[in-house]
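Undergrad: Provided below are the primary sequence and the corresponding predicted coordinates.
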Amino acid sequence: MESSIYNTQGKKTGTISLPESIFGLKWNDSLMHQVVTSMQANARTPVAHTKGRAEVRGGGRKPWQQKGTGRARHSSIRSPIWRGGGVTHGPRSEKDYSRTIPKKMRAKALFVALSKKLADGEILFVDSFGIDTPKTALAAKALSTLSKVSGFEKLATKKKNAALVAFSEKNDALQKSFRNLGHVSCVDVRSLNPVAILGSTYLVIENPEAALAIVAHRAKAQATAPVSDAKGSTSRKKKIAR
């Protein structure tokens, strides 16, 4: 598998060989759904919180006597059926939504997402942006020029989630140049994940040789990682005592 590399003028400068184990995988619905929903749950902040009848203020006195008034009996104005009363089965902030994602599943989901983007023609490899000092105008001009590449026209027209720009290494100048663009998000290659990749129309990878070396190292680590059982410990063959 090969893909073209472009410069910031939108001209082809070479090609890069892509490993099948990373960019040639088939789409896996069940894997992607499990990993993506788990990552979204891990990023969830439990903010919503309701109070029960024991937590709301008031209600110490019985509203009226039990019998003789002709009205329904009530013991407290903080009952859930009263206005201003406690909430029954409402959301609580102490609920934990986090889920555990095995390393192999997380890595394979990343490779499946990359394969899907490549198959759809939505990955653009750029040799270098050439930005040494923070300058948003330079970043915007580079994306505008790259939008002239066939298939990447939405880089300049899409107003939201147009592209995810992945840098081979952390670079403050690049980060500060791209972060002011509302339709673009940026991340270093080590932090690539399926949620970020699938959340944008295009994936722009800067310095692809170095970036793919990092991703390939992750693939190698996945292949050599020990298999874990349900309890999280390394599975071993049990010796049967004779």
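TA: Sure, I can see it.
Undergrad: what domains does the record give for the protein?
TA: Following the assignment in automatic domain parsing, the chain carries domains at 2-44+99-224, 46-96.
Undergrad: how long is the last one end to end?
TA: I take that to be domain 46-96. The distance separating the two terminal residues of domain 46-96, taken as CA to CA, to the nearest Å, comes to 8 Å.
Undergrad: ok, the residue nearest to the spatial centre of the chain - contacts?
TA: Residue closest to the mean C-alpha point of the chain, counted by CA atoms, centre = their mean, is Val195 at 2.9 Å. Shown here is Val195, whose contacts under the criterion CB atoms under 8 Å, 6 or more residues apart in numbering are Val36, Met39, Gln40. (C-beta placed from N, C-alpha, C; glycine too.)
Undergrad: Export those residues as CSV, with columns for secondary structure, pLDDT and neighbour count.
TA: Compiled in CSV, the contacts of Val195 are given as follows (DSSP: H, G, I helix; E, B strand; the rest coil; pLDDT from 0 to 100; neighbours: other CB atoms under 10 Å):
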residue, secondary structure, pLDDT, neighbour count
Val36, helix, 96, 17
Met39, helix, 95, 18
Gln40, helix, 95, 12
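Undergrad: okay, these in CSV with distance to Arg190 next?
TA: Written out in CSV, the entries for the contacts of Val195 read as follows (distance: CB to CB, whole Å):
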residue, distance to Arg190
Val36, 19
Met39, 16
Gln40, 20
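Undergrad: which stretches of the protein have low pLDDT?
TA: Scanning the chain for pLDDT under 70 picks out the ranges 221-242.
Undergrad: Relative to the centre of it, find the outermost residue for me.
TA: The outermost residue of the chain, judged against the average C-alpha position, is Gly68 (62.0 Å), by CA atoms, centre = their mean.
Undergrad: Helix, strand, or coil at that one?
TA: At Gly68, secondary structure determined by DSSP: H, G, I helix; E, B strand; the rest coil is coil.
Undergrad: Tell me how far it lies from Gly60.
TA: The spacing between Gly68 and Gly60, counted by CB to CB, to the nearest Å, is 22 Å.
Undergrad: Ok, Ala156 next?
TA: With distances defined as CB to CB, the gap from Ala156 to Gly60 amounts to 65 Å.
Undergrad: For Val56, list the residues it contacts.
TA: Residues touching Val56, when contacts are defined by CB under 8 Å, 6+ apart, comprise Arg78, Gly84, Gly85, Gly86.
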